[in-house]
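**Q** Take this sequence and fold it.
(2 chains)
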Amino acid sequence: MNEVFQCDDKAQLVAYLYDELDHVARRRIDDHLRVCATCAAEITGLAGVRHELAGWVPPDAELGFSIVPKVRDEAPARVLRPAHGWRLPDVPAWAQAAAAVLVMAAGLAIANVQVRYDASGLVVTTGWMSRSAPEVTPAAAPATAAGRADGDWRPALAALESTLRQELRAARPAAAPVSASNVEGAELPMQRVAQLIEESEKRQQQQLALRLTQFNRDLEVQRRSDLVRINQGFGQFEGRAGAEIARQRQMLDYIMRVSAQPPPQ
Amino acid sequence: MASTDEELVARSVAGDHDSFNQLILRWERPIYALAYRVIGRDEDARDVCQETFLRAFRALPGFKGQAKFSSWLYRIALNLCRDWIRRQKRTPVVSAPEGIDIIELAAEQGPVESIEELVARKQLSETVAIAMQQLPEEQRTAIILKEYHGLTFQEIADLQGCPLSTVKTRLYQGLSVLRRDLEARGMTRGRASEKAS
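**A** Reported below is the predicted structural model:
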């Protein structure tokens, strides 16, 4: 075994750097570093790199994996990933926008949204239930035949509905009066719904505020970062410009000196 | 007193899922950090992390304790990272840490850390990530295992399947390249000269 550390023994140097040496070998390298400036500088430089490496921090990701045991005839136990925000990392923005439009169109179709503008103004209706039919008097019934002849089936339908309603009303006993307790019973769920809506709104507002704050902070970080880069750029530019000015000044001094000298005889 | 990895492994093998979930809780962050630094992408690192524990769980009955549980996990994760890199058929992109983590960090730390400190840290992190990107995979992995996971040379050699001397060479060469790179970017030189003086 060598008693003296050799400068090209990089394996020993790395072991020294990470403190994975026995006491004797460590002391031998310590002795060497006192007399060898090159190795000392190398160790210092590598230690500096290690210090910088400590600054590389991975994202603070939400993990929380867990094993879910097998239940009856289901698939074997599996590691589930934690729920986190829905992401579309590889889908371009235009595709996402197109998908959003499609979803909205499908939603409108399902909701059967109808927009109508007539004498009573702009009317927007949704859903598949038929509109409340206008009151049709029996006297108006003959007119329905003419309407049918014209191909307009709506008055006929309204007349039919009206007739049916009258028959039903005649068939069943008079409806029980609505008691106060029933009204209260109906109001309670409504209050609950209103409360839920209010809570949901509050939650959404809080989330929006949080996201806005995060966005602002992100923006500020980026702005400062850009400013630092711009300053660095200006610094380099000023350095180059300063060097150029100094060179031109030297040249000017030289010309002045030469021109001040008397011409050779 | 918290159970050791070995105790939890034994209980998991006997069918106690909660014990394995404790192991996950203990090791998911180091495994995620390893995957993130090796492959450089948050979402893929999560996938690797998830797959690591899934494979570990399935292979648990075959784990005889010949190595530390953590080393076994690291080996699975590194193999998955290698597969991922091979699948991508390109040099892994060690992207700069995404802005969101800085923001989340800021949100957690509140007013303690100023914007200037955040900017400086973000820049430092980006610079180191880019410098690490230049290294060959073996050197990068050796440095990551040593610097961020504190493995011994021998453990790294076992994981990478190479002699001890090769690990030291990889570390030396990797650190030397990083040193030149970081110095060229205006980092470490000042600190190095300060220390030298």
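
**Q** When you work out contacts or count neighbours from here on, use the C-alpha atoms and nothing else.
**A** Fine.

**Q** Excluding chain neighbours, give the residue nearest to the residue most central in space within chain B in space.
**A** Centroid-nearest residue in chain B, with CA atoms, centre = their mean: residue B:34, separated by 2.1 Å. Once flanking residues are discounted, residue B:34 sits nearest to residue B:144: 7.2 Å by CA to CA, 6 or more residues apart in numbering or on different chains.

**Q** Residue 168: how many residues sit nearby?
**A** Let's take chain A. Using other CA atoms under 10 Å in any protein chain shown, residue A:168 has 11 neighbouring residues.

**Q** try chain B instead
**A** Residue B:168 has 24 neighbouring residues, counting by other CA under 10 Å.

**Q** ok, is the helix or strand where it lies in contact with chain A or not?
**A** Applying DSSP states H and E as the criterion places residue B:168 in helix B:164-184. Yes - shown here: helix B:164-184 in contact with chain A (CA under 8 Å from any CA of the partner chain) through B:165, B:168-169, B:171-172, B:175-176, B:178-179, B:182.

**Q** circling back to that earlier point, pLDDT (mean, whole number) over the strand or helix carrying the residue nearest to residue B:34?
**A** Assigned by DSSP H and E, residue B:144 falls within helix B:137-147. The average pLDDT for helix B:137-147 rounds to 94.

**Q** That one packs against which elements?
**A** helix B:17-39, helix B:153-160, helix B:164-184 (3 or more CA pairs under 8 Å, 6 or more residues apart in numbering or on different chains; DSSP states H and E).

**Q** Contacts only, for residue 17.
**A** Assuming you mean chain A. By CA atoms under 8 Å, 6 or more residues apart in numbering or on different chains, residue A:17 lies in contact with A:43, A:46-47.

**Q** other chain: chain B
**A** The neighbours of residue B:17, taking CA under 8 Å, 6+ apart as the test, are A:67-69.

**Q** Same list (these) but as TSV, adding distance to chain B and neighbour count.
**A** TSV is the format used below for the contacts of residue B:17 (distance: CA to the nearest CA, whole Å; neighbours: other CA atoms under 10 Å in any protein chain shown):
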residue	distance to chain B	neighbour count
A:67	6	20
A:68	8	14
A:69	7	16
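
**Q** So which of those sits lowest on pLDDT?
**A** residue A:69 (71).

**Q** Got the domain ranges for chain B?
**A** B:1-93, B:94-124, B:134-197 (automatic domain parsing).

**Q** These: which one's closest to residue A:221?
**A** Of all the domains of chain B, domain B:94-124 sits nearest to residue A:221, with 5.9 Å by CA to CA.

**Q** follow-up on the earlier one: does the residue nearest to residue B:34 touch residue B:36 like I think?
**A** No - using CA atoms under 8 Å, residue B:144 makes no contact with residue B:36, being 10.4 Å away.

**Q** out of the two, which sits in the more crowded spot?
**A** Legend: neighbour count by other CA under 10 Å for residue B:144 and residue B:36, higher for residue B:36 (25 against 21).
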